[in-house]
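Peer 1: no sequence on hand, only this structure:
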C-alpha cells in the first residue's frame, strides 16, 4: 500500500514554511520558507500556501497551523493577519471582516484538491511532540505565546489565554513575545519564561510541559536548570512533523 504524504504548513507572523512528510514524519524534500506577505487577506494566504505546495512533492492531504482561534477549520480570530504590515502594526477593519468566520479549511481543501486540516499553530506543534499520556501542555515561544493542552492525547478546546492580562494590563503575548526578547536580551527574557512557568504550574498541574517555537532555543542554560524535570524543550521542527502526526489524533479533536 503506498504511503500517505502530508503537506505540513506552519503559518507564522513573520514566515510561512512547509514540507511534505510521510507518516513517520520524514521530509521528502527540503522545507520551503517564504516571508509572510502583508497585507494578508484570506485569498492571499490560500494563494501563498498553494504556491509553496506547487514547489514540493505532491501530497495526499494537508495540515495547516495558523495563529489565533480556529474552530472546526473556521477562523474566529487571528491576531497578525488582520494588520497592515505584520505583528503589532495597525489593525485594518476590512481585514478583520474578511478573516472573521472565514472557512480556511474548505478554501484550502478546494484549492489544493486534497483533504485539509486547519488547527491553531501551537496545536499542530503539540501533535509533533506529545507522548499521548497524562496531561501535556505545549507552549510555543515566538512572535507571541501559543498554547495547546492535551489529555491522554485528546486535544482540549483552544484557549487564547495568552491574550489575558498578566500584570498592569500587559498580556502574556506582550510579556514573553519576540519584541520583549529583543528589548531585554536572552538573559532577562529567560527569567521571565521561568517566572511564567512557575506561575502556570499550579494552574495546570501538568504531567509534562513542552516549550517549543523558534525562541525556545534562546532560553539560557541557567534558566533551563531552574525549569524542572517536568519541562522539556522541543525543536521548532515539531511544527512541521506535527502536520503529519496530527492526523493520528482522535477524530473528535480535529479542528
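Peer 2: Noted; the coordinates are in hand. Worth saying up front: this structure is predicted, and the values here are computed from it rather than measured.
Peer 1: what segments of the stretch 1-150 of the chain are helices?
Peer 2: Along the stretch 1-150 of the chain, counting by DSSP state H, counting those that start in this stretch, helices occupy 42-54, 93-99, 104-112, 121-127.
Peer 1: most tightly packed of the ones you listed?
Peer 2: Here the criterion is mean neighbour count by mean count of other Cβ atoms under 10 Å, and of the helices of the stretch 1-150 of the chain the winner is helix 121-127, at a mean of 30. Every C-beta, even on glycine, is put in place using the N, C-alpha and C of the backbone.
Peer 1: now that one: how far from the chain's centre is it?
Peer 2: Here the centre of helix 121-127 is set off from its chain's centre by 5 Å, with Cα atoms, centre = their mean, to the nearest Å.
Peer 1: by contact count, what packs against that helix?
Peer 2: Applying 3 or more Cβ pairs under 8 Å, 6 or more residues apart in numbering; DSSP states H and E, one finds that helix 121-127 contacts strand 6-11, strand 61-66, strand 135-141, strand 145-151, strand 154-155, helix 238-245.
Peer 1: go again with 7 Å.
Peer 2: Helices and strands touching helix 121-127, by 3 or more Cβ pairs under 7 Å, 6 or more residues apart in numbering; DSSP states H and E, are strand 6-11, strand 61-66, strand 135-141, strand 145-151, helix 238-245.
Peer 1: longest helix in this protein, by residue count?
Peer 2: If you go by DSSP state H, the chain has its longest helix at helix 186-204.
Peer 1: and it, what's buried?
Peer 2: 186, 189-194, 196-197, 200 (16 or more other Cβ atoms under 10 Å).
Peer 1: next SSE downstream of whatever helix or strand residue 223 lives in?
Peer 2: According to DSSP states H and E, residue 223 maps onto helix 221-227. Using DSSP H and E, the helix or strand that follows helix 221-227 in sequence is strand 231-233.
Peer 1: so what touches the helix-or-strand element of the chain with minimal mean pLDDT?
Peer 2: The helix or strand of the chain with the poorest confidence is strand 165-167; it has a mean of 88 (mean pLDDT, DSSP states H and E). With contacts defined as Cβ atoms under 7 Å, 6 or more residues apart in numbering, strand 165-167 is touched by 171-172, 175.
Peer 1: repeat that for stretch 192-212.
Peer 2: 125-126, 129, 134-141, 172, 175-176, 219, 223, 226-227, 230-234, 236, 238.
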